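Peer 1: got a predicted structure here, sequence first:
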Amino acid sequence: AQSVTQLGSHVSVSEGALVLLRCNYSSSVPPYLFWYVQYPNQGLQLLLKYTTGATLVKGINGFEAEFKKSETSFHLTKPSAHMSDAAEYFCAVSDQGFQKLVFGTGTRLLVSP
Amino acid sequence: KAGVTQTPRYLIKTRGQQVTLSCSPISGHRSVSWYQQTPGQGLQFLFEYFSETQRNKGNFPGRFSGRQFSNSRSEMNVSTLELGDSALYLCASSLATGGRDTIYFGEGSWLTVV
């Protein structure tokens, strides 16, 4: 069965600092990997996804993630945090061909001025 | 292009009652899936429908059911509500051309069971 582990339920950074949110996956087949963001009282918005091809994936709002098969990781980064980045971030994995996402437990990003 | 639309956004029900939640997918999307989000269990997959057929089902009791109509709109129903069913229910849609599809989520329906 597929699974995702997000290290750190809360991450605090200062505005302008590097954002690093960690995600490790477990999958018996080549995975499709996603990062979603959830703002308070809202649904999930896709930040970026990896399916095949280039392992460095660029997403919206300046975020990017790198698929590292040898480390079974898909960490999310942003060079410079902005106050508006404060939200909860979810890493997810799906089976190829299936419309089912398995989510991690989420990481709440706090950005201080 | 309109996003995934869910109604109602907020509702309060009493234990033992039943509830029906509605979801209109993005135009052209044929797959609709449902997720439950709670503080304790996080985001959990309920089921997925494609062409009016349930293709995938999560590990939830039979009180949770759903259906999809010919226009791809979907409803989910929870019967005999329990306090633990209080959650944010998220509907998502995709083109269903394979696992690499982007799955788009609605704003969710907040259900409180009292």
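Peer 2: Sure thing, it's come through. Numbering: from 1, shown residues only, chains lettered A, B, ... in the order given.

Peer 1: anything in stretch A:104-113 near chain B?
Peer 2: Yes: for a cut-off given as Cβ under 8 Å from any Cβ of the partner chain, stretch A:104-113 has contacts with chain B, namely A:Gly104, A:Thr105, A:Gly106. Every C-beta, even on glycine, is put in place using the N, C-alpha and C of the backbone.

Peer 1: go ahead and flag the most central residue of chain A.
Peer 2: With distances taken as Cα atoms, centre = their mean, A:Trp35 lies nearest the centre of chain A, 3.5 Å away.

Peer 1: what bits of the chain have low per-residue confidence?
Peer 2: No chain was given, so I picked chain A. Scanning chain A for pLDDT under 70 picks out A:96-98.

Peer 1: wrong one, I was asking about chain B
Peer 2: Screening chain B residue by residue with the criterion pLDDT under 70, one finds the ranges B:1, B:97-100.

Peer 1: helices of that one, start to end?
Peer 2: Taking DSSP state H as the criterion, chain B contains no helices.

Peer 1: and the strands in it, which stretches?
Peer 2: Taking DSSP state E as the criterion, chain B contains strands spanning B:5-7, B:10-13, B:19-24, B:31-38, B:42-50, B:53-57, B:64-68, B:74-78, B:87-94, B:104-105, B:109-113.

Peer 1: repeat for chain A
Peer 2: Taking DSSP E as the test, the strands found in chain A are A:3-7, A:10-14, A:19-26, A:32-38, A:44-50, A:56-58, A:64-68, A:73-78, A:87-94, A:101-103, A:107-112.

Peer 1: okay, the angle between the third one and strand A:3-7?
Peer 2: Looking back up the chat, that one is strand A:19-26. Counting by axes from the mean of the first three to the mean of the last three Cα atoms, to 10 degrees, strand A:19-26 points 150 degrees away from the direction of strand A:3-7.

Peer 1: ok, B:Glu107 - contacts?
Peer 2: With contacts taken as Cβ atoms under 8 Å, 6 or more residues apart in numbering or on different chains, B:Glu107 has the following neighbours: A:Gln42, A:Gly43, B:Gln6, B:Arg9.
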